[in-house]
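**Q** Have a look; sequence and predicted model below, questions after that.
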Amino acid sequence: MREANIPRLIYVVDDEPTIANTLAMILETQGLATRSFTHPLAALTAARSVSPDLLLSDVIMPEMTGVELAIAMRQSSPHCRVLLLSGQAATVDLLEAARAEGHFFEVLAKPSHPLKVIETVKRLLDTESAAPR
């Protein structure tokens with residue numbers, strides 16, 4: 001468990017820099033620490049040194065999908081919560097395939113209102129004792 005005075009760390013991953021940086025800034029207004037990435041593999045590399053409490057990722061990206069990133073992140077950081085953002089219909093197939101393999105992730109539609117993102121992130125972070133989602 002993280003000490004009370006240490007902010008929760010969120011990795012924000014989106015191949016569009018404006019979206020990644022904007023989401024990170026929104027979360028920082030809530031006292032959360034963030035690192036934004038435009039390349040999923042960079043986020044995975046960073047997680048080897050500093051494991052995030054939550055991964056907030058776009059689903060459709062060129063290097064790898066957000067679903068693939070979430071699965072890889074959970075393998076290296078099992079406590080990491082996951083929230084995926086998607087504005088594309090192709091996400092349904094990716095999520096169904098992941099569920100078939102036992103991976104369940106929360107998804108918000110893009111665009112999502114910043115308050116909805118904040119509310120969902122806080123809810124996921126507050127489920128310390130619950131099984132990862």
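**A** Arrived safely, thanks for sending.
**Q** use CA for all of it now, contacts and neighbours both
**A** OK.
**Q** what comes into contact with the helix or strand of the chain with the lowest mean pLDDT?
**A** Ranking every helix and strand in the chain by mean pLDDT, DSSP states H and E puts helix 91-100 at the bottom, with a mean of 82. With contacts defined as CA atoms under 8 Å, 6 or more residues apart in numbering, helix 91-100 is touched by Val59, Ile60, Val67, Phe104, Phe105.
**Q** switch the cut-off to 10 Å
**A** For helix 91-100, the external contacting residues (CA atoms under 10 Å, 6 or more residues apart in numbering) are 59-60, 65-68, 70-71, 84-86, 101-107.
**Q** From those residues, list the buried ones, please.
**A** Buried by 16 or more other CA atoms under 10 Å: 59-60, 65-68, 70-71, 84-86, 103-105, 107, out of these.
**Q** mind listing the helices for this protein?
**A** Under the criterion DSSP state H, helices of the chain are mapped to 17-28, 40-49, 66-76, 91-100, 114-125.
**Q** Deepest in the core, which of those is it.
**A** Mean neighbour count (mean count of other CA atoms under 10 Å) peaks for helix 66-76 among those, with a mean of 20.
**Q** Next, the angle from it to helix 40-49.
**A** Put simply, helix 66-76 runs at 10 degrees to helix 40-49, going by axes from the mean of the first three to the mean of the last three CA atoms, to 10 degrees.
**Q** I'd like to know which elements helix 66-76 is packed against.
**A** Packing partners of helix 66-76 (3 or more CA pairs under 10 Å, 6 or more residues apart in numbering; DSSP states H and E): helix 40-49, strand 54-58, strand 81-86, helix 91-100.
**Q** avg pLDDT for that helix?
**A** For helix 66-76, mean pLDDT is 95.
**Q** Grab the CA positions of it and hand them over as CSV.
**A** Taking C-alpha atoms only, helix 66-76 is exported to CSV below (Å, rounded to 0.1, in the frame of the first residue of the first chain):
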residue,chain,number,x,y,z
GLY,A,66,-4.2,-0.4,-25.2
VAL,A,67,-5.6,-3.9,-24.5
GLU,A,68,-2.1,-5.4,-25.2
LEU,A,69,-0.5,-2.7,-23.1
ALA,A,70,-2.9,-3.3,-20.2
ILE,A,71,-2.2,-7.1,-20.3
ALA,A,72,1.6,-6.5,-20.4
MET,A,73,1.4,-3.9,-17.6
ARG,A,74,-0.6,-6.2,-15.4
GLN,A,75,2.0,-9.0,-15.9
SER,A,76,4.7,-6.7,-14.6
